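Participant: 3D model of this:
(4 chains)
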2 protein chains.
Amino acid sequence: MSIGLDQIMTAAIRHLNGDPTASMAQLAGAVGVSRATLHRHFSSREELMLALGHRALDRWQQAQEAAGVTPAAGSGDPDRIGAALTALLTHLVEVTDEYGFALTDHALAVHPDLARRSDELEEREIALYSAAQRAGLIRADLPARWVSGTVFGLCVAVREGLRRGDVARREAPRLVRESFWHGAAPRETT
Amino acid sequence: MSIGLDQIMTAAIRHLNGDPTASMAQLAGAVGVSRATLHRHFSSREELMLALGHRALDRWQQAQEAAGVTPAAGSGDPDRIGAALTALLTHLVEVTDEYGFALTDHALAVHPDLARRSDELEEREIALYSAAQRAGLIRADLPARWVSGTVFGLCVAVREGLRRGDVARREAPRLVRESFWHGAAPRETT
DNA sequence: ATCGTCTGAGACGAATTTGTCTCAAACGAT
DNA sequence: ATCGTTTGAGACAAATTCGTCTCAGACGAT
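Facilitator: I've put the predicted structure just below:
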């Protein structure tokens, strides 16, 4: 069996998180495999990036499913929607930690298949934010699409913070949650 | 005089905002100039990118100065600090609109000079956020450095929103302001 | 021990990009 | 009209990356 696809992809992603422009040779080295072997698994660089992109989207999708995004949005139940939102944010932080480079990599955003899937996943989240607005959990004076954008922005912020060591991994979920819900203004202390 | 450096850089940045991996030939075409002429002004690609990076940082610095970031932080006056924060957010949105690609471009982040300047500018903003915390304008249970990160994240969100047409240009400042200060939770209606 | 499979090392050509160079044409100022 | 400057077009070599290929060695199963 030698080496598994998963190990290759995992190591490649880890390396790409640090250097998004790494060549196939660099990636092979980082994986601990010869360039020839890397090409035996992924016949071209684009194929590798496509696979990595799909993997990142898989994880994103799993995060949504684990949080019960779509069922919660359809239920209209404020409690379920609130729970789904909280769970989603936590899961998204984890995905960001693993697949951070995918957030801003241009090559991925350009690929039609990935873009389509990404849009699809985003729409599901927007549906959740819309449902949350109807349930009174999220303010209605911000477009749900923009709310989705702020979550994306917070993920980028987490990625940067983790990369530079400014943010402790165990603190990240709380920071995102607090910033997402309440921003930077002081809480109204009762 | 023929063509000015400013025009070249402006056109190059505009094009790089859409395609961050554009080659010198593509940039020359976008500028409306031959590749030879582009090389007469910037002897290498790295030199061009360095100049563009410095230009983006210039604009960022101008935004800070126009908002009076450092003086406000030093004054300790809550009113001045609050005004500086509001002004800063507005100016940052403008800079993001013009130099969005610089937010996430890897080549720029890697350059030592640019990284140093960027860190310096960020520290000034963090000083403002710290001062705002001491003045009670920003909650103290979030690290000032993280608050700076959220602003960065909101800028990335604005860039994406503008690029995809999800966010109207004139709406952007309000969205950023609201999200930064109060997040997505419904405002406590009095 | 042998066979089949997988791997690493490396050579190879193709394609792209970069930086340099030359030369002819266009342009403006005098 | 002429001179000096600037430009565009294109040729050129060098470097990098990519994808393919070959070949020898390592490995496990039988």
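
Participant: just to check, residue A:73 is in contact with residue A:128?
Facilitator: Yes - in this structure residue A:73 lies within contact range of residue A:128 using Cβ atoms under 8 Å: 4.4 Å. To be clear about C-beta, it is placed using only N, CA and C from the backbone, and glycine gets the same treatment.

Participant: neighbour-wise, which of the two wins?
Facilitator: Set side by side, residue A:73 and residue A:128 show more neighbours around residue A:128, with 28 against 23, by other Cβ atoms under 10 Å in any protein chain shown.

Participant: can you report phi and psi for the residue nearest to residue A:39 when sequence neighbours are not counted?
Facilitator: Of all residues not flanking residue A:39 in the chain, residue A:24 sits nearest, at 7.3 Å (Cβ to Cβ, 6 or more residues apart in numbering or on different chains). The phi and psi values for residue A:24, taken as degrees, to the nearest 10, are phi -60, psi -40.

Participant: how close does residue A:24 get to residue B:106?
Facilitator: Distance from residue A:24 to residue B:106, counting by Cβ to Cβ, to the nearest Å: 17 Å.

Participant: what number of residues lie near residue A:25?
Facilitator: 11.

Participant: quick check: residues of chain A near DNA strand C?
Facilitator: The interface of chain A toward DNA strand C, taken as Cβ under 7 Å from any atom of the strand, is made up of A:2, A:3, A:32, A:33, A:34, A:35, A:36, A:37, A:40.

Participant: return the subset of the residues you listed lying in helices.
Facilitator: Secondary structure from DSSP state H places A:35, A:36, A:37, A:40 of the residues of chain A next to DNA strand C in helices.

Participant: now render those as a markdown table, adding neighbour count and pLDDT.
Facilitator: Formatted as a markdown table, these follow (neighbours: other Cβ atoms under 10 Å in any protein chain shown; pLDDT from 0 to 100):
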| residue | neighbour count | pLDDT |
| --- | --- | --- |
| A:35 | 15 | 97 |
| A:36 | 8 | 97 |
| A:37 | 14 | 97 |
| A:40 | 10 | 96 |
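
Participant: any chance of the residues you listed in CSV, plus distance to residue A:65?
Facilitator: As requested, these are exported to CSV (distance: Cβ to Cβ, whole Å):
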residue, distance to residue A:65
A:35, 36
A:36, 37
A:37, 33
A:40, 33
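
Participant: brilliant, that's me finished.
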